[in-house]
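[1] got a predicted structure here, sequence first:
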Amino acid sequence: MSLRVDIANRFDGFALDAKFEAGPGVTALFGASGSGKTSLANAIAGLLTPKTGRIALGGEVLLDRAQGINVPVARRRIGVVFQEGRLFPHLTVARNIAFGARYAPPGAPGLDAAAIIAMLGIEALMERRPRSLSGGEKQRVAIARALLMRPRFLLMDEPLAALDGPRKDEILPYLERLRDSGTVPIVYVTHSVAEIARLADRIVVLRDGKVLRQGDVTDVLSDPAMVPLIGVREAGSVLMARVVERNPGGLGRLEIGGGQLRLPGIEAEVGTGVRVRVLAQDVLISVTRPAGLSSRNILPAVVHEVYRGEGPGVAVSLRIGPSRLLARITVDAMEELGLRPGLNCFAVLKATAVARADIGGPKG
Amino acid sequence: MLDAAAYTALALSLKVSLIATLFSLPVAIAVAWLLARRRFPGHALVSALVHLPLVLPPVVTGYLLLLTFGRNGAVGGLLESVGIVLAFRWTGAALAAAVMGFPLMVRAIRLSIEAVDPKLEEAAATLGAGRWAGFLRVTLPLIGPGILAGAVMGFAKAMGEFGATITFVANIPGQTQTLPSAIYAFLQVPGGEGSALRLVVLASGVAVAAVLLSEWLARRMASRIGA
């Protein structure tokens, strides 16, 4: 089932004019605060009615201003997970998650309640009140509540933004499980590149209410032209890798197609697929094979694209077989090394530069 | 200790106040919701009308009721043709009590509705609950304490209502003589102070009991809704 959105709306001093499509898997709506992503999410859910536009889900038109169609929120059957959870304070967890189940049409596809509760690990919380839950627990309950209504699409509006770092890391594996279960297509609204790198299959980049770019997450994140938008410290590529060797306590090995990486913190079984996010600032480029270096990861690469923006930095994308690796170096270095598309070089990555949180869970 | 007239007045006051509260409560909830959650032309006017009995002299309210709901009044005549008579009956006392207590009820309930985060109602809608279902399953339980407070206020106002009642339905023992009317009547006759004082104690007792009961109920409700 695919969701097609093409809407325009005008607020005080801000124009939203966005067109995109979301299919199976996780589509991230990415943008800074004020980019219009939450307005877009609200329009999809039906909580905001844009002045003009059209929203269709599969064959059903949810909104068509020209034809006067505007399906009410309650009949859209799009599950929403809000940033603040929005659990009902007067109901137990069990009754919170059961809230929408009665409105699901009989025979609607989806996981049954027991499977959802197990997937999100909330068995022990069922008799508790929202007030007594931690932030992470609240969000897991909110996800379960949205899934139990058997939605046709799941809309997650910055579900982790209100949580601190450790809580985020605690909940990410649950989101990966949800994604990999293939239960429901997801639109995931966020301003966090780290979350996108872990979760998203596709990304829609928003700025000032407009769609700037959309595509596969690996392509968009490894595009040097995206660096200024994502931020120089956050920019980095996502590699789809396969575990070749596990070595608890030491360095494991990953196959990335075109080379192998040796990294610590690999917990997945041999043979499973994992995602690895490598920050552009952690990658060095050498035009000759470096010797006597402490780095365990020296990969033959070809310069694919060089993007020079404003300032002293240059973003360079490197081809390693079918994979793309993004590096950020200085203008000086680029000129001295004579980097240009097609040049053979070596990408150098420090093994410890990849944080455990940047290695995603298994993905089949 | 109390004479028959006093018991009759107490019983009548309780009946009038209970009926007034029960009948006006659903209307008060609806009006409070309208004022709290909807913006419509005439919003300020409706709000002003609701508050009118609070600021008008009670005698004026009673007189307006007489003009409207009396046998020759516009609404009174209509009601009489279907067999409902309000003027100079206990039912009229209940109407007067309801009208006088209405602004207090609406105020308390409106405040409690405004305290409910509309985002919770939105969440209910995304889960498939229509507006009515969302109100019944989310808003209503959450405003329970506010409804209770409104009901207690309305009931207390009804128990104490005097000016509009005596103007609209007079002071007929056994018919329209409520507790305050009876106290007034006793004070009008020589040697009636003793009886009046006993009624004052009675009225105070009922009032304190009502407040205590409502506090207890409010605490139970608050813990139930996890507030």
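    Arrived safely.
[2] quick one: list the elements packing against the lengthiest helix in chain B.
    With secondary structure taken from DSSP state H, chain B has its longest helix at helix B:4-37. Secondary-structure packing of helix B:4-37 (3 or more Cβ pairs under 8 Å, 6 or more residues apart in numbering or on different chains; DSSP states H and E): helix B:43-55, helix B:90-115, helix B:144-160, helix B:179-188, helix B:193-224. Placement of C-beta: from N, CA and C, glycine included.
[3] let's go with 10 Å and repeat that
    In terms of contacts (3 or more Cβ pairs under 10 Å, 6 or more residues apart in numbering or on different chains; DSSP states H and E), helix B:4-37 is packed against helix B:43-55, helix B:90-115, helix B:118-126, helix B:144-160, helix B:163-169, helix B:179-188, helix B:193-224.
[4] can I get the CA coordinates of stretch A:245-253 in CSV?
    Provided in CSV are the C-alpha atoms of stretch A:245-253 (Å, rounded to 0.1, in the frame of the first residue of the first chain):
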residue,chain,number,x,y,z
GLU,A,245,32.8,-12.8,11.8
ARG,A,246,31.7,-12.1,15.4
ASN,A,247,34.3,-11.5,18.0
PRO,A,248,32.9,-10.5,21.3
GLY,A,249,35.3,-8.3,23.1
GLY,A,250,37.4,-7.7,19.9
LEU,A,251,36.9,-6.6,16.4
GLY,A,252,34.3,-8.4,14.2
ARG,A,253,34.2,-8.3,10.5
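[5] and the contacts of it?
    A:241-244, A:254-255, A:260-270, A:272, A:274, A:296-297, A:351-352, A:359 (Cβ atoms under 10 Å, 6 or more residues apart in numbering or on different chains).
[6] picking that back up, what comes up buried for the longest helix of chain B?
    Residues of helix B:4-37 classed as buried by neighbour count (16 or more other Cβ atoms under 10 Å in any protein chain shown): B:5-6, B:8-10, B:12-14, B:16-17, B:19-21, B:24-25, B:28-29, B:31-37.
[7] which one of the helices and strands packed on helix B:4-37 lies nearest to chain A?
    Closest approach to chain A among the helices and strands packed on helix B:4-37 (Cβ to the nearest Cβ): helix B:118-126, 4.1 Å.
[8] quick one: the closest one near chain A?
    Yes: legend: contact between helix B:118-126 and chain A by Cβ under 10 Å from any Cβ of the partner chain is shown at B:Lys119, B:Leu120, B:Glu121, B:Glu122, B:Ala123, B:Ala124, B:Ala125, B:Thr126.
[9] report the contact partners of the second one.
    If a contact means Cβ under 10 Å, 6+ apart, then B:Leu120 has A:Phe82, A:Arg86, A:Leu87, A:Phe88, A:Pro89, A:His90, B:Gly134, B:Val138, B:Thr139, B:Leu142 as its contacts.
[10] please apply the same query to the fifth one.
    If you count contacts by Cβ under 10 Å, 6+ apart, B:Ala123 has them with A:47, A:73, A:80-82, A:84-88, A:96, A:99-100, A:142, A:145-146, B:117, B:129, B:134, B:138.
[11] give me that answer again for 7 Å
    For B:Ala123, the contacting residues are A:Phe82, A:Arg86, by Cβ atoms under 7 Å, 6 or more residues apart in numbering or on different chains.
[12] re earlier: can you say which of the helices and strands packed on helix B:4-37 is nearest to A:Val303?
    helix B:118-126 (47.7 Å; Cβ to Cβ).
[13] what about A:Ala142, which SS state?
    Under DSSP: H, G, I helix; E, B strand; the rest coil, A:Ala142 falls in the helix class.
[14] which residue packs closest to it, ignoring adjacent ones?
    What sits nearest to A:Ala142 in space, not counting adjacent residues and going by Cβ to Cβ, 6 or more residues apart in numbering or on different chains, is A:Gly85, at 4.4 Å.
[15] count the residues that sit near the one you found.
    Using other Cβ atoms under 10 Å in any protein chain shown, A:Gly85 has 21 other residues around it.
[16] and the pLDDT at it?
    Looking at A:Gly85, its pLDDT is 91.
[17] now A:Asp112
    On the pLDDT scale, A:Asp112 gets 89.
[18] quick one on the thing from earlier: please spell out the ChimeraX selection for the buried subset of the contacts of stretch A:245-253.
    Applying 16+ other Cβ under 10 Å to the contacts of stretch A:245-253, the buried members can be selected in ChimeraX as follows:
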select /A:241,242,243,244,254,260,261,262,263,264,266,268,272,274,296,297,351,359
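[19] could you check the angle the longest helix of chain B makes with helix B:90-115?
    40 degrees (axes from the mean of the first three to the mean of the last three Cα atoms, to 10 degrees).
[20] many thanks, I have nothing further to ask.
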